[in-house]
Each structure stands twice: as C-alpha cells, then as structure tokens.
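**Q** build me a model:
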Amino acid sequence: MAKVLLQLNNIQKRYGTHVVLDGAGASFLENQKIGVIGRNGAGKSTLCKIITGHEEADGGTVVKSRQLRLSYLEQLDPYGLDETVMAFLTRYTGKPEWRCGEVAGQFQLKNEFLTTRIGELSGGYRTRVKLASMLLAEPNFLILDEPTNYLDLKTLILLENFLREYHGAFLIVSHDREFLKKTCEYTLEIENGDMTLYPGPVEAYLVFKEEQKVLILSANRNIASKKKQLQAFVDRFHAKASKASQARSKMKQIEKLRTIEVGHPLSNVRIKIPQVDHHGGIAIVCENLSIGYPEKTVARHVNLEIEQGSRVAVLGDNGQGKTTLLRTLAGDLTPKDGRVQWGHRLKIGYYAQHVFATLHPRQDVYTHLYEKAASGVTRQEIMNLAGSFLFKGDDVKKMVGVLSGGERARVCLAGLLLSKCQAILLDEPTNHLDFETVEALGRALRDFSGTLFFVSHDRTFVNLVATQIIEVNNGSVSRYPGSYEDYVYHLANRLRHEVHPEIPEEPEIIEEKTKVNPVHDGVSTAEAVYQRKKELHAEKRKLSSRLKKIEKRLTDYKEEKDITEKDFIEDSAHWSALRNKRLVFLLQSIEAEEKNWLELSEKLDTIDRLLGQIAA
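**A** Here you go, the predicted structure:
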C-alpha cells in the first residue's frame, strides 16, 4: 500500500480579514502526481509556502513523513549571474561534476552551456538551471508553483517529458491546462477555503464537478417540491384538531429538509471585450526591417504583410527576439533599419510583461479603468470587465499601491481591452491568470474584430486564438505555414530526436482518404458499380458491428466509473490505490473508446455518402 508522505490537518490561514484556508486538509501519497487548480487568490501559492516552510499556518498541522525528501522550484534566484552553470550546480548541491552534468543534460544543458555564465542565459535556460539544482537533491516530492511562467515552448516540453517519467510525487500549481493534462494524474482544487483531492486528471475532475453540480441542482429542486407539498398540508390542516399531530409531523419534516449549497464553479468566467470598428485591408507592413538595440541586432530582413482582423501568435525560444519584435511593432523601439507602417488611423494598444510598474499607486482600480476606457464605454461594461478579472464589488475601490504584482497586471490588461484599440499587442498576457480566466480571455479574443499580435507559451490559449503564426528564430522572422498544432507536434518531434538521437524523427503523417471510382480504364460498367456497392455494404456491416460493441463497452465503463467516483466522494475510506488505478484505467478507456466511436462513425458516414454517390 502506498505510504503517506505528507498530511495537512485543519489548516487555517488568513491575511487580515481575508480568509484563504479555513480548516483545509489532505493527505499526499508517494508517487502521486497532483495538479493544483483554483481561482487567483484562492490559496494555491499559500499552500505551497506552508508546505515548504516559507510561511506558517495560523492553525492546523503539517505532518511530514520521515521518508519525505522535499524539494521546490525557488522563486528567488539562488545563483550568482557571474557563476557558470557547472560552478553553481556543484556549489549549490555539493554533487560531483559528473552527476551535475548528467542531471543538467536532461534539460539540454550540455557542452558549452555548462561553462556559460548564468547571466548570459535567457530566462528559460535559467529556469532549466534551477530545475537541475532542484533535482540534484534527489527528492521524492516536488513543489512547483507556476513553473511554466515565462518558459519557452521547448523548455516546457522538456519539463513535461521529465515529469511524465519522474518516479516521485509532486504538486504543480499551473494556469496551463495542457501542461496539467500531460503531467498530472490527480487534481487538487482549492476553493472557498477548502481543498478537494480528486483521483483523476483535471479534465475528468471538471466533468465530474459539473455532473455533481447538476445532481445538486436536481436534488434541490426535489427538496423544494417536497417542501411545497408538506407546507400545503400544514397550511390546510394545522387548525384541525384531528390533523394537528400530522401537521406538526410535517413541520418537523420541513425543518429537516436542507438544500445543498452550490459552490462557485470555475467555469463561470465570461469576458466581453467592447467591440471595435472593423476595417478591411492591410493592418501592418514591415519592409526589410531590422530590429534590436544600439549594441545588438536581433533580427534582419523582416518582411511581413498582415491583414486586418488577423490574430497572430509570435512564437520562438526565449531570448530569440519575440518581445523585441512586439516592442518595435508597437513603436516602443525604433527600427534599426527598414520600416513599419500600420494601416490608416489604426489605434494601437500594447501590453508589456512588466507594464504594471507604470501604474499610479494612489489611484483606485475603477478610476484607472475609467480613464483607459474609450468614449462610449459604459460604467456597467467597465464593472463587468473588472469582475471578469476578479475585481468584484468593492474591489474596484482598492488603491493600486496595495495590489499584488499579478493584480496590477490584470488591471493593466483590463484597461487595455476597454480602450477599444483596433490593433492590440500582448506580451505574455496569461502569466497572472488562472486557467479558466486564461481560456475565457482566449474565447473573447477569438471574437475580437480588430488585429492582434501576441506572445504566449500557453498552448490552450494560443490554440484558441491564433489564426496565423510568426516564428522568431536565429535572427530571422518568418511565417510558419501550418497550424499551431503542427508547430507544437514538429517541435516536440525535433526535441525528442535531439535528446535521444538514436530515435529517428517521425515522418509527417498524411491520412489516407477513402475513394470510390466505379470507372475502370475510362469505362463505367454495371459490374464495377455492383461490385463496389457490395464491398461498401460489407464494410458497413462490419463497422456497424464494431460500433455496437464499442457502445456496449462505453456503457459498462461509464456505469462503473460513476459508481467508483460516488463511493470516493461519499466515503474516503472506499479509496485505495488499486481502486484508483482502476478508475484511471476506466477514464482512459472511455476516452479511447469515444475516440474510436467517432472515427468509426465518420467512416460509416463516408460509406453512406459514397453509396449515395453511386446510386445517383
């Protein structure tokens, strides 16, 4: 049976009048891979700090097993910028060079990287150095609080690959749903001061939570109906002596009927951006553009022509020049050569990574948003957008000076969206948002009628928003011809080959299309048509039989899943590693069978269409 490495009992934590954790508790087992979710301010980072000892709980206990070897990704940099990678790793961990090089190699820190000064590395590579130093402590339990912030896609994929193969346990706080999906087998939600540990990945948990909400609402409707019936009896017969005792009995039943409180689900986030006038034609032209700084040129010969209404994702490794390109397009940096020309009378808005530092500390949230809002934007629109970014009610009266860095960033982002710019440039807009707000913002920007350039490593967000991709790499800026999914797939494939050269790169997969052609050698014959119809009907019967078997398995799997989940929720004593392993199998099987069902259904549709063509 799996051992408990860490146990939290009745944890209490408040900041002033704000209660963050209120009697929260959970037990974490060896080898559990847990994704932590919750709204901004719910207490995710606070939980991590209490576990690592960087903060003390106001009440409750943290019980650590003797077998626990805890390690965490430090927020503060433990290295000196003048230190080389190898010098830091050996000094900080006390491990020999061969061992440091072995672990660093897992994050592509090899050869000349080991002798490079850390100050010369990009942010993504510095995070790789911290990850290597964390793992050299040989922990069996990791704490990772927003490890994906500011990571480029390549480092993110390396971290994912490592975590999937890691044999210990971990808690990961992340706003990147795709990252949690690929690395975590359990989900811990922090909400309303409490914790819920669910024995399944984040997608399954959100489905389960929605199902629970539906069940609760249904139960509440039944309770309300029952109350109404009982109250009608009491009202009718309470004054009659012969029925008085029965009426009193009904009153007691009414008092015992209690509705179940419905919490605040994560999926209630909605963001509505004030629409801008849409103009056709070209939004921006770059001709023979060179970008960079007085002492350094980052990219040359940039030639782009982007149509208005495009949503352009700017991708590439950290340090390659994505921010430099955005700053140049926004007019924040002067081109070193060539020219940038925006469309006629387009209003440009730019959100930089650290723009919140420019806010006036003695101005309240509403006043800032009001001043940034375009004419015609109503107070209600301002309040609605503020609420979407978690400034609800009296929160808009807070002075900027008392806000955290993440809260200030959200204020700046909301202000920009209210300004009704026809062209918006966003540099890492998702770093201070929980993943539901990230996805709500993505859906809102997908419907934005203006032109958008953005830098983000959040794959769900990019996939929601982007219609075009520009890649910044090795001194060049160019359009990527495929979709974002193609881009991620081929990058992961290249990276896998770099880490394991013995594994060849996978060829591009081109799906075979089902074809029908009753014409043979230019002559259509009744025999060819008959034979083709016969083949298609035989194939249809075979696929229909397979489809029925899949539907039967799906029904069985789902029934068992529902029973197991209900047992887990109603009584935690029903939980066991073996039953949880079975639940994970059921969830994976359901996903696989649903995928097979869709594929077979599409094939059957194709056959029906072909039969229709032949009949015609």
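**Q** only C-alpha atoms for contact and neighbour calcs from this point on.
**A** Fine.
**Q** got phi/psi on residue 12?
**A** phi -120, psi 130 (degrees, to the nearest 10).
**Q** cool, and residue 468?
**A** phi -140, psi 160.
**Q** and it, how many residues sit next to it?
**A** The number of residues packed near residue 468 is 18, by other CA atoms under 10 Å.
**Q** next: residue 592.
**A** By other CA under 10 Å, 12 other residues sit near residue 592.
**Q** cool, residue 305 as well?
**A** Neighbour tally, residue 305, other CA under 10 Å: 13.
**Q** any idea of the pLDDT on the closest residue to it other than its chain neighbours?
**A** Distance criterion CA to CA, 6 or more residues apart in numbering; nearest residue to residue 305, sequence neighbours excluded, is residue 285 at 4.6 Å. For residue 285, the pLDDT comes out at 94.
**Q** residue 285 contacts residue 306, correct?
**A** Yes: counting by CA atoms under 8 Å, residue 285 does reach residue 306; the two are 6.6 Å apart.
**Q** where exactly do the helices run in the stretch 351-500 of the chain?
**A** Taking DSSP state H, counting those that start in this stretch as the criterion, the stretch 351-500 of the chain carries its helices at 365-372, 379-388, 405-418, 435-446, 459-465, 484-499.
**Q** of the ones you listed, which approaches residue 146 most closely?
**A** For the helices of the stretch 351-500 of the chain, proximity to residue 146 was assessed by CA to CA; helix 435-446 is nearest, at 11.3 Å.
**Q** mean confidence for that closest one?
**A** pLDDT averaged over helix 435-446 gives 85.
**Q** between the two ends of stretch 380-396, how far is it?
**A** 13 Å (CA to CA, to the nearest Å).
**Q** am I right that residue 298 sits in a strand?
**A** Yes: per DSSP: H, G, I helix; E, B strand; the rest coil, residue 298 lies within a strand segment.
**Q** can you pull the pLDDT of residue 307?
**A** Per the predicted model, pLDDT is 91 at residue 307.
**Q** kindly apply the preceding question to residue 466 instead.
**A** Looking at residue 466, its pLDDT is 92.
**Q** I figured it hits residue 315, correct?
**A** No: the pair residue 466 / residue 315 is not scored as a contact, 10.9 Å apart, by CA under 8 Å.
**Q** following the longest helix anywhere in the chain, which helix or strand shows up next?
**A** In the chain, taking DSSP state H as the definition, the longest helix is helix 526-570. Next helix or strand after helix 526-570 toward the C-terminus (DSSP states H and E): helix 577-615.
**Q** what residues of that following helix count as buried?
**A** Of the residues in helix 577-615, 580, 583-584, 586-587, 589-590, 593, 597, 600, 603-604, 606-607, 610-611 count as buried by neighbour count, 16 or more other CA atoms under 10 Å.
**Q** list the contacts of the residue nearest to residue 305.
**A** Listed by CA atoms under 8 Å, 6 or more residues apart in numbering, the contact set of residue 285 reads 303-306, 340-342.
**Q** now do residue 30
**A** Residue 30 neighbours (CA under 8 Å, 6+ apart): 2-5, 140-141, 168-169.
**Q** any of those buried? List them.
**A** 4-5, 140-141, 168-169.
**Q** so where's the stretch 451-600 of the chain shaky on pLDDT?
**A** In the predicted model, the stretch 451-600 of the chain carries pLDDT under 70 at residues 497-526, 568-577.
**Q** can you rerun that using 90?
**A** Per-residue confidence for the stretch 451-600 of the chain (pLDDT under 90) gives these ranges: 457-461, 463-464, 473-474, 480-600.
**Q** and the stretch 301-450 of the chain, by the same measure?
**A** 316-321, 343-346, 352-363, 374-377, 381, 384-396, 398, 400-414, 428-444, 446-449.
**Q** ok, which stretches of it are strands?
**A** For the stretch 301-450 of the chain, the strands defined by DSSP state E, counting those that start in this stretch occupy 311-315, 337-342, 348-351, 423-427.
**Q** which one of these lies nearest to residue 186?
**A** strand 311-315 (30.5 Å).
**Q** related to what we said a few turns ago, is it true that the residue nearest to residue 305 lies in a strand?
**A** Yes: Residue 285: assigned to a strand according to three-state DSSP.
**Q** pretty sure residue 300 sits against residue 291.
**A** Yes: contact criterion CA under 8 Å: residue 300 and residue 291 qualify, at 6.6 Å.
**Q** and residue 88, what does it touch?
**A** Residue 88 makes contacts with 79-80, as judged by CA under 8 Å, 6+ apart.
**Q** please begin residue numbering at 138 from this point
**A** Taking 138 as the first residue, the last one we looked at is residue 225.
**Q** for the record, mean pLDDT for the helix or strand hosting it?
**A** Taking DSSP H and E as the definition, residue 225 sits inside helix 222-230. Averaging pLDDT along helix 222-230 gives 94.
**Q** the inter-axis angle of the helix or strand that it is followed by versus helix 222-230?
**A** Under the assignment DSSP H and E, the closest C-terminal helix or strand after helix 222-230 is helix 234-242. Per axes from the mean of the first three to the mean of the last three CA atoms, to 10 degrees, the angle that helix 234-242 makes with helix 222-230 is 110 degrees.
**Q** which outside residues touch helix 234-242?
**A** Residues from elsewhere that reach helix 234-242, judged by CA under 8 Å, 6+ apart: 223, 226-227, 246-247, 251, 265-266, 269, 272-273.
**Q** once you drop chain neighbours, what's closest to residue 525?
**A** Of all residues beyond its chain neighbours, the one nearest residue 525 is residue 408 (5.7 Å), with distances taken as CA to CA, 6+ apart.
**Q** what about residue 314, neighbour count?
**A** If we define neighbours as other CA under 10 Å, then residue 314 has 21 of them.
**Q** wait, doesn't it sit right on residue 572?
**A** Yes: look at residue 314 against residue 572 with CA under 8 Å: they come within range, at 6.3 Å.
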